[in-house]
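>>> with the sequence up front, the predicted model follows.
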Amino acid sequence: KAGVTQTPRYLIKTRGQQVTLSCSPISGHRSVSWYQQTPGQGLQFLFEYFSETQRNKGNFPGRFSGRQFSNSRSEMNVSTLELGDSALYLCASSLAVTSDPDTQYFGPGTRLTVL
Amino acid sequence: AQSVTQPDIHITVSEGASLELRCNYSYGATPYLFWYVQSPGQGLQLLLKYFSGDTLVQGIKGFEAEFKRSQSSFNLRKPSVHWSDAAEYFCAVASSGGSYIPTFGRGTSLIVHP
C-alpha cells in the first residue's frame, strides 16, 4: 500500500504570496491532519479534516486554511505569506474509525521557504 | 492544557550501549502517549503508543516505553543502540474523548558514536 504523499516537496515563495500544498493519504484513510514544524516552535498541529469537514483546529491565524475532497485528498493554503511561515509542513493520515486518537502515518513533508 | 517536556535536547551514546529518552507530560486525565522518530529529510514514523492496559509497551525497531502515572512519565528505552538509530525522537500526548489535538515535545536528537 502506498504511503502518504505530499506535493511539492520543496517550494520557494516571496512575502505576500499565497501557497497551496497537497496531501494524498493512504488509501482507505479518512482523516488527514496537518502540522507545521519549525526549529523555533517545534511541531505544531494546524488542523484535521475528516470526511471533508474540519474536525479539529490548532491555534493558527486565519491565513492558514485547508480542505478535504471526497477522495480524502487534502490541501492546505497559506495566504499573505510571512517570513515566519518558512517551515516543514507535514501531513498525516489515519483510519479514524472512532473519534479517539488513531495511529497517524506521516508524509515526508513540504519544505516551504519564504523570502 | 496538555504539555510535553523532553528534558534532553541532545543525547550521545556509543553503538551497542543502552538508551533511555525521557518524556514527561502534563494532562489531567489518562492520556494517549506516543513516541515518533524522524530521520533527516523524512516525516515522522510511529515507534509505539500507549492508550491503556499494560504500562510497558513494545514498539518497532526494538524500542519499548513504560508509562508511569505517578511520575507523569513515558520514557523510551532500547537495550542496544545501532548507528541507524541516530535521529530525532519526539514524544507526544493527545487527549482522550473525541478531540484529537496532539501536543509534541521539542524533540531529543540522538547521536550514536561508533
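Perfect, I can see it now.
>>> quick check: residues of chain A near chain B?
By the rule CB under 8 Å from any CB of the partner chain, the part of chain A lying against chain B is A:4, A:42-45, A:48, A:56, A:58, A:90, A:92, A:99-109. (Glycine included, C-beta is placed from N, CA and C.)
>>> just the buried members of those?
A:4, A:42-45, A:48, A:56, A:58, A:90, A:92, A:101-102, A:104-109 (16 or more other CB atoms under 10 Å in any protein chain shown).
>>> so which of those belong to strands?
In strands, defined here by DSSP state E, the members of those are A:Gly42, A:Leu43, A:Gln44, A:Phe45, A:Glu48, A:Asn56, A:Leu90, A:Ala92, A:Tyr105, A:Phe106.
>>> which of these lies closest to B:Glu66?
Lowest distance from B:Glu66 to these (CB to CB) belongs to A:Leu43, with 23.1 Å.
>>> and the residue nearest to the closest one when sequence neighbours are not counted, what are its bridge partners?
Spatial nearest neighbour of A:Leu43, chain neighbours left out: B:Phe104 (4.0 Å); criterion: CB to CB, 6 or more residues apart in numbering or on different chains. Taking DSSP bridges as the rule, B:Phe104 bridges to B:Ala92.
>>> and the gap between B:Phe104 and A:Tyr10?
Distance, B:Phe104 to A:Tyr10, using CB to CB, to the nearest Å: 23 Å.
>>> can you list the low-confidence ranges for chain B?
B:28, B:96-100 (pLDDT under 70).
>>> quick check: residues of it near chain A?
B:32, B:36, B:41-46, B:49, B:51, B:90, B:92, B:94, B:96-107.
>>> buried subset of the residues you listed?
B:32, B:36, B:43-44, B:46, B:49, B:51, B:90, B:92, B:94, B:96, B:100-107.
>>> show me the strands in chain A, by range?
Assigned strands in chain A, in chain order: A:5-7, A:10-13, A:19-24, A:31-38, A:42-50, A:53-57, A:64-68, A:74-78, A:87-94, A:105-106, A:110-114 (criterion: DSSP E).
>>> can you pull up the most central residue in the chain?
I went with chain A, as the question did not name one. Centroid check for chain A by CA atoms, centre = their mean gives A:Trp34 as the closest residue, at 3.0 Å.
>>> looking at chain B here, not the other one
B:Trp35 (3.4 Å).
>>> quick one, what contacts the nearest residue to A:Ser51 once chain neighbours are set aside?
Nearest residue to A:Ser51, sequence neighbours excluded (CB to CB, 6+ apart): A:Arg30, at 5.9 Å. Residues in contact with A:Arg30 (CB atoms under 8 Å, 6 or more residues apart in numbering or on different chains) are A:Phe50, A:Ser51, A:Ser72, A:Leu95, A:Ala96.
>>> farthest pair within those residues?
Farthest pair in these, by CB to CB: A:Ser51 and A:Leu95, 12.3 Å.
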